[in-house]
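> Return a 3D structure for these sequence lines:
(one chain, ligands or ions: 2)
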Amino acid sequence: MIDCVFCRIARGEIPARVVARSDLALAFHDLNPQAPLHVLVIPTEHWNGANEVGPAGARLWPALLDLAVQVVRQEGVADSGYRLVLNSGSDGGQSVAHLHVHVLGGRRMTWPPG
Ligand code: AMP
Ligand code: ZN
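Numbering: from 1, shown residues only. Ligands and ions are numbered 1, 2, ... in the order given. This is a model prediction of the structure:
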């Protein structure tokens, strides 16, 4: 996807504060943080969202969650607690059409989310 902002970050064409990477995924700080720790974990390959992944998910979902939990440990919020969020579609609040998992931590989360 030539113009996709997260594909461009994955290709190194747009700067991002990368915190971790694996063979399938990349983690970088969100530009507009909603918590003291707010990192996005994306597949380096373009997927519009969760619904499109299909059978590729057998490798992709564990890779995304593995990297998210690695970030949580690395950034020191594993013990205090954190939240992983995957916004999907318009009602789900997804604004960037490249699959991503939010890693939020460093403050107490409320429930239900807005
Ligand atoms: P969502 O609303 O779930 O699609 O989340 C998209 C997230 O991407 C938002 O939290 C944005 O702040 C974030 N975002 C958009 N553009 C960038 C960028 N260039 N670098 C880092 N984060 C971004
Ligand atoms: Zn993309």
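> Report the spatially closest residue to residue 44, excluding sequence-adjacent ones.
The shortest distance from residue 44 to any non-neighbouring residue, by C-beta to C-beta, 6 or more residues apart in numbering, is to residue 10 (4.5 Å). C-beta coordinates here come from the backbone N, C-alpha and C atoms, glycine included.
> so that neighbour makes contact with residue 41?
No - using C-beta atoms under 8 Å, residue 10 makes no contact with residue 41, being 11.6 Å away.
> Mutual contacts of the two, please.
Taking C-beta atoms under 8 Å, 6 or more residues apart in numbering as the contact rule, the neighbours common to residue 10 and residue 41 are residue 26.
> between the two, which one's more packed in?
Higher neighbour count among residue 10 and residue 41: residue 41, with 28 against 23, using other C-beta atoms under 10 Å.
> Next, the residue nearest to residue 44: phi, psi?
When read as degrees, to the nearest 10, the backbone of residue 10 gives phi -60, psi -30.
> Averaged pLDDT, stretch 51-62. What do you get?
Stretch 51-62 shows an average pLDDT of 98 in the prediction.
> Kindly export it (C-alpha atoms) in CSV.
Extracted C-alpha coordinates of stretch 51-62, given in CSV (Å, rounded to 0.1, in the frame of the first residue of the first chain):
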residue,chain,number,x,y,z
ASN,A,51,-11.5,-9.0,9.5
GLU,A,52,-9.2,-9.3,6.5
VAL,A,53,-6.4,-11.4,8.1
GLY,A,54,-8.1,-14.8,7.8
PRO,A,55,-5.7,-17.9,7.7
ALA,A,56,-2.6,-15.7,7.9
GLY,A,57,-3.7,-15.0,11.4
ALA,A,58,-2.3,-18.3,12.6
ARG,A,59,1.2,-16.7,12.4
LEU,A,60,0.2,-13.1,12.6
TRP,A,61,-1.9,-12.9,15.8
PRO,A,62,0.7,-14.5,18.0
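> Next, the buried residues of it.
Residues of stretch 51-62 classed as buried by neighbour count (16 or more other C-beta atoms under 10 Å): 53, 60.
> hmm, it in reach of ligand 2?
No - with C-beta under 5 Å from the ion as the criterion, ligand 2 is not reached by stretch 51-62; the gap is at least 11.3 Å.
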